[in-house]
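K.L.:
Quick one: sequence and predicted model below, then my questions.
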Amino acid sequence: MPAPQHPPRHALKRLGLAVLTCVAMFGSTVQAAPQDGGILNLIAQPEPPSLMHGVVTHVSTQYVSGKVLQGLLTFDTDLKPQPVLAKSWSVSPDGLTYTFDLQPGVTWHDGKPFTEQDVLFSFNTFYPEVDKRFGSIFEQFVAAIDSSKPLQVSFHLKKPFAPLLSSLGSGLRPVVPKHLYEGSDLRANPYNLKPVGTGPFVFQEWKRGAYIKLAKNPHYWKQGLPHLDGVVFHVIPDGSSRSAAFERNDVQVLRAGDADYSDLKRLGALPDVVASEQGYELYAGLAFLQINTRKPPLDNPKVRQAILTALNRQFIVDNIFFGAGRVSQGPFVSSTPYHDPQLPQYAYDLKKAKALIAESGVDVGAVRIRLLNGEKGGAWERLAEYTKQALQPLGFKVQVVTSDAATWFQRVSDWDFDLTYNFIFQIGDPYLTNAYLYRSDYILKTSPFANVSGYNNPEADRLWNQVVDTAEGPQRQKLYSELENLLNQDLPIAPIFEMRYPTLYHKQVHNLLRTATSLNEDYESVYLDAPTP
Amino acid sequence: MNGLVSLGTRLGRAGLMVFGVLVLSFLLIRLAPGDPALLMAGEAGVDDPVFIANLRQQMGLDQPLLQQLLLYLGQVAHLDLGYSYRNQTSVWSLLAERLPATLSLMGSAFVLSSLLGVTLGVIAARARQRRHWLDGVISQGALLLYAVPTFWLAMLLILLFSVHLDWLPAFGMESVARDLHGAAWLGDRLKHLLLPCLSLSFLFLALYIHLTRAATLEALQQEYVHTARAKGLRPRRILFGHVLRNALLPVVTFAGLQLGQLASGALLVEVVYSWPGIGRLMYDALAQRDYGVLMGGFLLISLLVVGFNLLTDLLCRWLDPRIGAGGQGT
Amino acid sequence: MNVASPWRRFLAQRSALLGLIWLLLLGLLALAAPWLSQGDPWEMAAQPLLGPLQDGNHWLGTDLLGRDLGAGLLYGARVSLAVALLASLATLLAGLLIGAVAGYFGGWLDGLLMRIAEFFQIIPQLVLAVILVAILEPSLYSIVLAIALVAWPAVARLVRAEFLSLRQREFVQAARVLGQSPLAIVFRQILPNALAPLLVTLTFVMATAILTEAALAFLGLGDPEAMSWGYMINASRGLLREAWWMSLLPGLAILFCVLAVNRVGEGLRVAFDAARRPGDSL
């Protein structure tokens, strides 16, 4: 294998040369001339249910369909918005009108031109219908979306809505082709399985259980791109087989979670392999212990605090997730805006945990606590086993109940659990994601990602409502701090660790991790040193 | 005439069997907790109760279980296996797409294990007669093969032949990124097939060796062999003309019965080697509570097994005319 | 027929004897696990990922949570042997009951039961076990049940066949006339006569049970409260390259345990076969 021609990008970043990242966004000419050709082999794990990430937000669907369909904009690793299908945009001084100018000369893969009508259809009709949460947020903030001239779209807001750009550029809102979706049953549309987009790669073939093949788009709207001849996603259901395939360079990239966490260190140390945690800046993952607060003794906040105090979270990060995380510092991810750095911490302290139990005056061993373990992979199973052992000294009788994903989904949605581990991606403002885990109007039996803990505190509800109506600034920060402190005390959800996403790739792959949602990007400028035949 | 009637009863029984598999698997699967609509909504990132209710209605899950069963059986009677909402395609097309992979894996493993197993079994039996050490090696080897956990062996084989020696591919059934034709295409397929086929074969190889050895030894004890020997027939003639023909009877019967087992083994092998077969399709369908696909898989496998059993039955008749017309041959 | 002779013949076979000794030893070790190891196999007793022979207290090393590997192997023997014994017991009971009913009553009931038996023989067993365990939640009992559910037809067929052959010999008729209950017939006539093939079949069930439990654990459907060999392989699979002994040892444990069971079964078969046909040189 040839030696790398230039230092990997993450090394530059560490030297403070982050500015290069932005420059490299457009002209891929900054570096030594990229080579054309070759096929990039990736892993789609688990196999996606659909290939259209506008309809299905499944992680694998985003990974695959992100190469075919494109959004208006994306974010670089410093979370600055960058143009994709929107060439440029402007915000009116009152912050109430966002105007986007679209790229000219873009065509869909079926040859039809891409116009402002597609954007209008996507955000006026498509997303409000397929995603009710998105729909209700838009209804709350957006007065109208219209177009006054070709290739231009304006969003008119009712009140300032700071996260508008991040919700458009989260990688979850590609523009969809109006001519293929209008008037159809959006979820059953056949093009969800053979997506038609504007991206650098065209859908070619999906052989279920085996692979998904994308081919180079010869009419891509950026001259000379993409470099690759194609991208193949292999379906490899077994973790150690995925490691073996990567080690043999049958696949060139392993996403976080593709290989067993315990194998990451070894794989990352292989010659010709780069390990990087860059490229996930927009996804702040938070792993937490969901506590069913309806069930005694878990209805007692002191008991919940004791549980968190008895968990050695550094051990969890180091020995179960092998460094792919950082001990969390509160209900909001520490790297996101509005997290309060002064928040009291629950450091591991068994004595203190026992004292808390004594203080609560509850006999925690009176009933058996069921720790429901869903099928998320080896490390999560270890985490459940660890938790059982760690809570034993406090007098808890914990029983680990394993179930497959379907059962886990139903039981958590039905509140039929005492403890269970889960995680979310916090995208920017806590109101857009974390709130659903705490707000009393989301005590629903519809999804594990609602308020299944049954947390009902009118004070917290009041603060959530107040936060929405407060413009960005110190006042909003003050409200959020108050809220975070309250949640941190009540602890219906015990934050365990902030997830990190180590990506492993062979050195021959370039330009892979360029943005805040790197792996789900369109890969227009990705190229290979030694193209595989 | 008698033979025809007997064949008719056999076919009738086979049909009944397939019907039983359908009903029982339907009820079993529905007993499992987990709601496909909820799961699909979750995968799509939606938690809208109206959407979930609609989905449930679309899939017919809001109707009483018995009605769902009757509806399903009616569909199957019209050769319609239903629609997979999870995969947004018909169950039949999903199964048809996976069938070649499963048939090539199970077929090759069957051929390899039965041919090699019968040969080694006969060799061992002959060695036993002559008190040759080869018998010990083969029978102890078979016991050892039988004791190896399939998935563990598969893991170790990948490690040795794919990662360390780099002789064979580690996953899938073809080199997807390469455009191959003719002999190169075939070679590529065979290379991919080798390890999964071997992993699946070992258990059955052990069983065939064991069975053939015992049956051959037993046949060698029979009177006609002594008679033949007394008549001065050459040992080779005796072995192939008389002994093997009789020894094969239990082997063939067994081959028919173990097809379901082979499908079970195929599941593990398909998971470890990322082989896109029916076993994995059913396993995934169970995880997704994709009832239609799971039922379709059961139906297909039971048809395969029942059909194969009919075939082995005919073969038995040919091998041993005594089972003929009147016999039930259970 | 000399009753003692098949057992003597069994003990005369070296490989079968070795298998039996190994199984007995395993059984003793399993029973003595709490005294031989320091406490609970789940206890995070030491520094994680100790290699073998690095620490006198944990001479086989520890896994990634610092649990003692030796304790895991000992307790794993408990689980594997318990699953094997319980599964074969359940299989025996179900098979005896169904086989006896089919053989005793005959007629359409016999036909129905045998069709059901055939059904469980053709359905892919592991897939059925996976579904059952998913329905009932993974636990030792659901695993045992899943194994017994697919294994009973072999026993039932044996018992039924014995019944039929007895019927031909008019034993059953006579016993009936004498007013013997079906249960008495089963225990006085069937069991003694069918003991040999039953024992052989049960060793087969035991071997299958150990392998099935391991396969289910491999698929992530083992009992989360039971430290079994299959569980240990599954938990350390990611470390196969760096800490190979962590998956190799439990794998070998399964292999040798199943091998021993098979040797015993094979020994029994040979011993009883020879007893039935004294002239046989086998």
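P.N.:
It's in.

K.L.:
Pretty sure A:S453 sits against A:T293.
P.N.:
Yes. The pair A:S453 / A:T293 is scored as a contact, 5.1 Å apart, by C-beta atoms under 8 Å. Where C-beta positions appear, they are placed from N, C-alpha and C, glycine not excepted.

K.L.:
what sits in contact with each of those two?
P.N.:
Common neighbours of A:S453 and A:T293 (criterion: C-beta atoms under 8 Å, 6 or more residues apart in numbering or on different chains): A:P492.

K.L.:
OK, now which residue of the stretch 101-250 of chain A is nearest to chain C?
P.N.:
Residue nearest to chain C within the stretch 101-250 of chain A: A:S240 (5.3 Å; C-beta to the nearest C-beta).

K.L.:
And the helices in chain C, which stretches?
P.N.:
C:4-12, C:14-31, C:33-36, C:69-105, C:107-122, C:125-136, C:140-168, C:171-177, C:182-185, C:191-218, C:229-236, C:244-276 (DSSP state H).

K.L.:
go on, the stretch 101-250 of chain A?
P.N.:
Assigned by DSSP state H, counting those that start in this stretch, the helices in the stretch 101-250 of chain A fall at A:116-121, A:127-130, A:132-141, A:164-168, A:178-181, A:239-247.

K.L.:
per-residue confidence for the closest residue to B:L65 other than its chain neighbours?
P.N.:
Among residues not flanking B:L65 along the chain, B:R30 sits closest, at 6.1 Å (C-beta to C-beta, 6 or more residues apart in numbering or on different chains). Model confidence at B:R30, given as pLDDT, is 80.

K.L.:
Any stretches of the stretch 351-500 of chain A with poor pLDDT?
P.N.:
Within the stretch 351-500 of chain A, the stretches with pLDDT under 70 are A:375-377.

K.L.:
Identify the residues contacting the spatially closest residue to B:R86 that is not a sequence neighbour.
P.N.:
Excluding the flanking residues, the one nearest B:R86 by C-beta to C-beta, 6+ apart is B:D290, at 4.6 Å. Neighbouring residues of B:D290 by C-beta under 8 Å, 6+ apart: B:P36, B:S84, B:Y85, B:R86, B:N87, B:D284.

K.L.:
a markdown table for those, including pLDDT?
P.N.:
Formatted as a markdown table, these follow (pLDDT from 0 to 100):
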| residue | pLDDT |
| --- | --- |
| B:P36 | 80 |
| B:S84 | 85 |
| B:Y85 | 81 |
| B:R86 | 81 |
| B:N87 | 82 |
| B:D284 | 86 |
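
K.L.:
out of the residues you listed, who has the most neighbours?
P.N.:
B:S84 (24 neighbours; other C-beta atoms under 10 Å in any protein chain shown).

K.L.:
and residue 218, how many neighbours?
P.N.:
Because you didn't say which chain, this covers chain A. A:P218, neighbours per other C-beta under 10 Å, totals 6.

K.L.:
I was after chain B.
P.N.:
For B:E218, the neighbour count with other C-beta under 10 Å is 18.

K.L.:
For it, list the residues it contacts.
P.N.:
Here B:E218 is in contact with B:A247 (C-beta under 8 Å, 6+ apart).

K.L.:
what residues does the lengthiest helix in chain A touch?
P.N.:
If you go by DSSP H, chain A has its longest helix at helix A:474-490. Contact with helix A:474-490 is made by A:301, A:304-305, A:330-332, A:338-340, A:342-344, A:430, A:438, A:455, A:457, A:459-460, A:463-464, A:466-467, A:470, A:493, as judged by C-beta under 8 Å, 6+ apart.

K.L.:
Relative to its centre, which residue of the chain is most distant?
P.N.:
You didn't say which chain, so I picked chain A. Most distant from the centre of chain A: A:G361, at 40.4 Å, with distances by C-alpha atoms, centre = their mean.

K.L.:
wait, chain C
P.N.:
Outermost residue of chain C with respect to the C-alpha centroid, by C-alpha atoms, centre = their mean, is C:V177; its distance is 38.2 Å.
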